[in-house]
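# Predicted model and sequence follow; I will ask about them next.
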Amino acid sequence: MKGMHGIIFSYEKKSGLRELIEHRVHGSVPFAGNYRMVDFMLSNMVNAGITDVGVIMHGKCQSMLDHLGSGKSWDLSRNHGGLTLLPAFAYAERRETAGQFRGKVEALACMLEYLRDIRQDYVVLSDSDLIINIPLDDVLQAHISSGADLTAVCTSAPGESSDTYFTLDGSGRIVDTVYDVYAPQGYRCLNLFLLSKDLLVKLVEDCAAHNQYSFRHNILQEKSKMLRFNGYVWDRYAARIDTLKNYYDRSMELLQPTLRDELFCPQRPILAKENDDASSYIDPSGRCVNSLIADGCDIQGNVENCILFRGVRVEKGADVRNCILFKGTVVQSDAVMRHIIADKYVHIQPGRTLMGHENYPLAIARDSVV
Amino acid sequence: MKGMHGIIFSYEKKSGLRELIEHRVHGSVPFAGNYRMVDFMLSNMVNAGITDVGVIMHGKCQSMLDHLGSGKSWDLSRNHGGLTLLPAFAYAERRETAGQFRGKVEALACMLEYLRDIRQDYVVLSDSDLIINIPLDDVLQAHISSGADLTAVCTSAPGESSDTYFTLDGSGRIVDTVYDVYAPQGYRCLNLFLLSKDLLVKLVEDCAAHNQYSFRHNILQEKSKMLRFNGYVWDRYAARIDTLKNYYDRSMELLQPTLRDELFCPQRPILAKENDDASSYIDPSGRCVNSLIADGCDIQGNVENCILFRGVRVEKGADVRNCILFKGTVVQSDAVMRHIIADKYVHIQPGRTLMGHENYPLAIARDSVV
Amino acid sequence: MKKECVAMLLAGGQGSRLYVLTGDMAKPAVPFGGTFRIIDFPLSNCTNSGIDTVGVLTQYRPLELNSYIGSGQPWELDRLGGGVHILPPYQSATGATWYKGTANAIYQNIGFVDYYDPEYVVILSGDHIYKMDYSEMLRRHKETEAACTISVMEVPWDEASRFGIMSVNDGGQITEFAEKPKEPKSNLASMGIYVFTWQKLKAYLTADEQDPSSQNDFGKNIIPQMLADGEKMVAYQFEGYWKDVGTLDSLWDANMDMLCPGSGLNLLDKTWPIYARTPSCPPAFVGKYADVGNSVVTKGCSVLGEVKNSVLSYDVTVGEGAHVSYSVLMPGAVVEDGAIVEYAILGEKSRVSRGARIGGAPEKAENPDNWGIAVLGPGTVVSEGEQVAPKTLLDRTHGGVKS
Amino acid sequence: MKKECVAMLLAGGQGSRLYVLTGDMAKPAVPFGGTFRIIDFPLSNCTNSGIDTVGVLTQYRPLELNSYIGSGQPWELDRLGGGVHILPPYQSATGATWYKGTANAIYQNIGFVDYYDPEYVVILSGDHIYKMDYSEMLRRHKETEAACTISVMEVPWDEASRFGIMSVNDGGQITEFAEKPKEPKSNLASMGIYVFTWQKLKAYLTADEQDPSSQNDFGKNIIPQMLADGEKMVAYQFEGYWKDVGTLDSLWDANMDMLCPGSGLNLLDKTWPIYARTPSCPPAFVGKYADVGNSVVTKGCSVLGEVKNSVLSYDVTVGEGAHVSYSVLMPGAVVEDGAIVEYAILGEKSRVSRGARIGGAPEKAENPDNWGIAVLGPGTVVSEGEQVAPKTLLDRTHGGVKS
C-alpha cells in the first residue's frame, strides 16, 4: 500500500511547562481553548489521508490514553490499522526502570516489530506538541520529487539555542546540522520528518546494533554524509512549546485573526475530541472583548485579551485580563486576574487578586482553590 | 445512580502458564477457540447491565490494550463511563520500579481518585482470568437481601492449596478465611467480590494509611471481625487457571456438551472481539471428530479431541489429537501431534512429531517453527 | 432481545409551518439554541431516562436527519441490541404506503417494536423543547396500572382553548379529553407525550387501521377511542419548561427563552445534559471592538460588531460595525460589516451582505398588528444595502417573498 | 466534502425470484457461504478498492438491511465524512415517489451524490458474488477518458443469449449493445457494474426522467441512449469468479462453488477479504460420531451427524444420525436427529424435525426434468417424519407449497 504512516512521540522530557505537566505528558496539554496539543499533529496526519498512526507513550500517559481513546474523534477507530497506542512497558521492564528513553531512536528500537509491520511506504515522525497545520501530502510530494532519503520540516523563524538548526544548500539539501548552539542560525528543525519505511527500519536497526539512541546526532548528523537529507521550509504558523512563557506567548498570538486563519484553515480542520457543551453565555453586565471563548462558558464579568477553555465561569464584577483559563475554572465575583494561566478546575474566590506579568505569566496548578 | 461498577485486575503475577504468558498478561491468554480469558468476566458484567468497567493494568499489557481497544465489542465504548483502562504508570514511577503491585489493595490504592469518582452504588471486583458465566445481578440481589457488607463468590469444588478458602456458617457468613493450606478445605474463593462503593473506598483508604496491601489478609481476614462478609456459593462451571496442566484440562473439559452449555448459555452470551474469518472448511480426506473448531480453519488431515482457534491449517495426512492449536497454527502434511498446546502462528513442518502426555501437555512458544 | 420500554419518536413531516427553514431537511433537524437541533431534546431525554432503544419515524427527506443521527453516538445511543433507528416507510410483501398519520406510522412499525418485545412504549414528538425524565412518568404508569399515561401541564386559562385539554379526577385519572375546546373545563394541556402498555396500544392501532374513516392520529382517534372504551388513562403532570416549536414564532420565542433566566430553560445546567453532534471548530472569537450582551456565542463564531439578546450558533460571523439584536443566527450564517439584523431568524449558511438591513423592532413598526420576525431560509443571500422588512420570509430562490 | 469516487449500490427490490427466502428481508440481506450475506461482497469490494462512501438504494423492508449494515463498522465504512448510507425513497417538497427503476433510484438521490461532489460514480448491484478491484476499473476509465466503463466477462457462446452482450472494437470501445440477443455477435456479457463520469451520468439521468416512455433502467434506457449519442463507452474485461445469485438455483450453485477448489471462489483467501457482521458464538463443535466431509462449518454449529458437500452457517445444529448433503443451511437452521436433508436450502431458523426428509438426489428423481432443490423459508418448521419432495418451496405458513 502506498501512502504515509504516522508516528507520534508522546513521552515526557525535561520541560519548562512546570505545573501544566505535573499530571500530563506534553501532547495532552490543553491549547487554544478547544484542543490538546496532540490534536494538531493527529489532524495534520488525518487531513493528509493517513489512516494508521502509532503513538509511542511513556510515563504519565493516563491523560493521553483517556484523551485519545479509540481514536474515533480523528476517524482513526478502524478494524485494521487506525490508532495504535504503543506504551513502552517491555522497555521499562528490560531496563528495570521507569526512566525515560535516552532518545527517539531508542524509543523506535523498542517498537521495531511494529515498524516492520507498517503497511505504508512512507513514515512521518513527529513530536506530539508541535502546533502546526501543514499539508503533509505536499511534504510527501516534495520528498518524492526531490529524490531525498529523508525530508525534515524546518522554519527560518529562530527558536531556542537548544534547538536543532540546519544549513541548507541551494538544492534544499541539509549540509550541516547543529544543536546547543551559541545563537540560532540557519533553519530551525521542527522535529517533523518524512522518510521511507524501509529506510527507517534500516536506520533504527543499525543504530540499535551500535547502542546509538539520538535521532539528531546519530541520524541527522552522522548519516547525512552517506544519505541525502533535505529540508522542507515552512514559514507559516508553527509552534514548539517548551516553557510557560512560550506557551503563553504562542497562545496569545492566536488572538490575531491572520495567525488563527493559518492554524485553523477550513480546508484542513483541526479535529478535537467531541464534547457536550452548550453555547457560551455572555451577560450584558460585563465587557467581553478580544478573547477566544470555548463552549459552555458563563461570562458575567469583564474578560479582555483572554483565552477561555470550556466551561469557565466568570462571575459578576470579576475582572480578568490577559489570562488563559483552562476547563472548568471558576472566577468568583470581584476577583482580579492578570497574566495568569489557570489549569483545570482552578477556583478563585471572591475578591482575590492574582497578578503575573507579561514577561512572567504565572501558572496555577489544577484543582487549586485560591 | 444505582447498579454496579466493574473492576478487573489485569496485572501479571507469578504463574505456571509459562510460554503462554511470555508476551501476555493472564487475561489476554486465548481460551476456548474464540476468546481471551478476560472476555468472560467482561461479558458477565455487561450481561448484568454494568456500563462502566475499569481494567487495572501493569506490566506486559500491550496485548491487553490491543485486545480491549475502545471496548466496542462489549458495548463498552461510551461517551460517559464505558471501559476505562487504568495502567499503573504513576505507581511505577513513584516506586521507581516496573515491579509488581504487592497486592490488590495496593493496586486499588493507586486508583483511589478513580474509585472515588465511581457513579454506581456497588462495585464488583474480579481477576481477569476467571472463566465463568454467572448472573452478577443475582449476586447483587443476594448481597442486598443478606445485608452483608461484602459478598465473595466461592465454590465447593476444591482447588490448589495456595488458594483462599472460606468457612461459612449456616447463614452464609464467612466465619474463617485461610490460605496456603495443607489441603483444600471449605469453600474456595473465586476472587470475585461485591461490595458497596463507599465501603470499598473506606477499606482501601484505611489499608493504604496502614501500608497494608493484601486483600485476603488485610481485608478478608482482618476486617471480617467488625464487618459481615458473606459467601455466595456457585457450583456450576468456574475455572481459575494457573498452570499449563490446568489450562489444558479446563479447556478439554469443554468438549463435554453439558459444561459447554453452562459456560455458553444463550441468555448470557460471551462476547468476543469481532473478526473477519470465513467459515472453516473440512476436507473429505481427513477425519474430524470431537473437536471445537473456530472460524477460518482449513482442515485436510485428521483432527480428534482438539480445540482449534481461528485460521488453523491442518494439511493432508497430518494427524492431530488431543491438542490445542492457537490462531494461525499450521500443521504440515504427515506431521503428528499429541497433547500439545501450540501458541499463535506456530508452524509444524512436514512429518514432524510432537508428543506431550495427558499428565504433562507441552506448550510451543508463539511463532516457533518446528 | 427483551426491553422494558422502547421509545418511538414521531419526527413528523415537512414542518410546513417552518417551511422556509426546512427546505432541505426534516423539521427535527432544525438548529436550536446555538449548539443543538430540535431532535437533540427528545433523544437526550431518552438517554438520560435510561431508554436505550429509540425508533425515529420520518418520511420527509430523511437523509439529513439520518446523517445527523448516524450511529447515535453523541446521545450514547450506539448500543448493541438497541440504539437509535430511523424508520422510513417501506414496501412490504403486501404493499407500500406512506405514513397516513401518527398512529399509522407506529402501526406500520409494529414489527420493529415487537422485535424488542417491550412492556411499554413511549410516544414522543420531534418538535418539543423540554427536559423530562420519562422514567418517572413510566414509574407512575406502572404504579397506576394505566393503559395509557399522558403527560400534561398547566397552561394559562385564556390559552387553554389552543390545546388538547384533559379533565382529571382526584385520582389523576383522565375523565374527558377535548381537542381545542371553546370553553375549556380544565387548564391541563396534553404535551403529546404518551406512555402506553404496548399490548393495549397494539390492539388499538390494529383496530384503528381497520376503520377507513379514521385519520389514524393519536390525538384525534386513538386517545378518544381508548377513553370511550373505559381504558384507564392517567395524567402525569409535568412541571418545568416545555415548548412546542412547530411555528417560526414559537421557535424564535424558545430561543429567546434561553436568554431569560426566569424562563426555566437553562442549557448550561449539566444535571440533565442535552447532547448534540457538532463539528470541530476553534473557540468563538469576540473582537476588540465587539459589544456582546445577553447573548450566547458558540465555537467557530467570529463577532466583531454588536450582538445583543441573540443566539449565535457555531461558525457564525458578525462583521465590524454590524448590529444584531433579538435574533437567532443558525450555523454558518454571516452578517457582513455594517449590516443590521433585528428580530430575525437567519437560516444555516445564509448571508446578509454589507449594509443590508433585516427585520425591525416591533415598537418601530408602522402597523404593529402586521409586524413579525423576518426569516431567511438556509443558504439565502441578501445583497448589499438591501432592506428586508419585518415578517418577510425569504428562501434561497429569493423570490418567494411572503408578508 | 470532495470525493473522487462514490459508489451507489442498487440493493434492489423484493427479490421476487428468491421470495421464499426474503419474506422478512431485502434480497441483499440473504445469507451466503456460511458467514456472509450477499451484500458483504460489494461492500467489501468497495472498502478493499479504497472507496469509502457508499449509498445503498433500497425500498423493500429496509429495517433488516439497515440494522445489518448499522454504522458500517465491519466493512470499515464507519467514516467521518463518508461511510455507508441507506437511501430509501422519501418525500421532498415537490412530492414523493417510490423508485421507478434503477436509473430513477439514482436520479432521486442526485442530491446525495452531489453532496460529495465526485468526479466518478460506480454503480453496483446488490446480488452478485465476486471479488473485484473497482480501483483498477476506475483507473482504466480515467485512462481512456470514457463517459462510461462497463465491466464485462466472457461467457460460453451457447449461454451468451441469456446476457446483455457487448460488441467491442480493438481499442476496447463498445460498439454495440444487445440485451439477450438471439444471435449474439460476441460472448462478452455485461456484469451490471458501471463506472460513470458523474456529470455525464447526471445529464443522462435528468434527460431520461423527462421521457415518460422510459422505464428508467440502466440496461434498457441509459446505456443504449449513451451509445446512440456516440458517448465513449469502454468495456473493462474482468477475469475471475462472478455469479448473479438472483435465483434460488444460482444461489445454491454459488454456495456449492465454495466447496469446489476449481471454481475460483475461495473465501479462506485473505488477500481480498470479505467482511461480515456476525454474532458472538462459541466455536463449532464436531461430535464424536460426526462425519463431515467437503463442507464448511461456522461458529456456533453443533454437528453430531453426517454432513457432506454442504455449507453450514453459524448456529446450525445437525443432530445424531441426521444426514445432510449438497445443502445450504442458513443461520440457526436445525436438523434434528435422524432427519435427512439433500439438495436443499434451509432458511434462517428453519427446523427439520426428527426423521423428516427434505429434498432428494437428482439421480433418484422419478422425473428428472421436474427435479429441483427443495427450499424452506426462514422460520419454517417441518414436522416429525414429514417428507418434502425435491423442488418444493415451503414458507413459514407451511401452506404455499409450489412444485
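Sure thing, it's come through.
# could you list every residue that touches A:L263?
A:A32, A:F40, A:I131, A:I132, A:N133, A:Y237, A:L254, A:I270, C:P282 (C-beta atoms under 8 Å, 6 or more residues apart in numbering or on different chains). In short, each C-beta sits where N, CA and C put it, glycine included.
# All the strands of the stretch 51-200 of chain A, residue numbers only.
Taking DSSP state E, counting those that start in this stretch, the strands of the stretch 51-200 of chain A run over residues A:52-57, A:82-87, A:122-127, A:130-132, A:150-155, A:164-168, A:174-179, A:187-196.
# where among those is the average confidence lowest?
Among the strands of the stretch 51-200 of chain A, strand A:82-87 carries the lowest mean pLDDT, a mean of 86.
# What strands line up against that one, and which way round?
Its sheet considered, strand A:82-87 pairs with strand A:52-57 (parallel) by DSSP bridges.
# And the contacts of the strand it pairs with?
The contact list for strand A:52-57 (C-beta under 8 Å, 6+ apart) reads A:5-11, A:25, A:38, A:42, A:45, A:64-65, A:68, A:71, A:76, A:81-88, A:107-108, A:111, A:114, A:118-120, A:128.
# which of the residues you listed count as buried?
For those, a neighbour count by 16 or more other C-beta atoms under 10 Å in any protein chain shown gives the buried set as A:5-11, A:25, A:38, A:42, A:45, A:64-65, A:68, A:71, A:76, A:81-88, A:107-108, A:111, A:118, A:120, A:128.
# partners of the closest residue to A:T164 other than its chain neighbours in the sheet?
Once flanking residues are discounted, A:T164 sits nearest to A:C189: 3.9 Å by C-beta to C-beta, 6 or more residues apart in numbering or on different chains. Per DSSP bridges, the residues bridged to A:C189 are A:C154.
# wait, A:C189 sits on A:F166?
Yes - taking C-beta atoms under 8 Å as the definition, A:C189 is a contact partner of A:F166 at 6.0 Å.
# so what sits against both of those two?
Counting by C-beta under 8 Å, 6+ apart, the shared contacts of A:C189 and A:F166 are A:A152, A:C154, A:T177.
# what's across from the last one in the sheet?
Taking DSSP bridges, one finds A:F166 as the beta-bridge partners of A:T177.
# show me the contacts for it.
Listed by C-beta under 8 Å, 6+ apart, the contact partners of A:T177 are A:T164, A:Y165, A:F166, A:T167, A:C189, A:R216, A:L220, A:Q221, A:S224.
# How about residues contacting stretch C:285-297?
By C-beta under 8 Å, 6+ apart, the residues outside stretch C:285-297 that reach it are A:255, A:257, A:260, A:278-285, A:288-293, C:33-34, C:258-259, C:284, C:301-312, C:316, C:318, C:320.
# what does stretch A:355-370 give?
Residues from elsewhere that reach stretch A:355-370 (C-beta under 8 Å, 6+ apart): A:18-20, A:22-23, A:244-245, A:248, A:322, A:324, A:326, A:336-349, A:352, A:354.
# just the buried members of the residues you listed?
Among the contacts of stretch A:355-370, the ones that count as buried by 16+ other C-beta under 10 Å are A:19-20, A:23, A:244, A:248, A:322, A:324, A:326, A:336-344, A:346-348, A:352, A:354.
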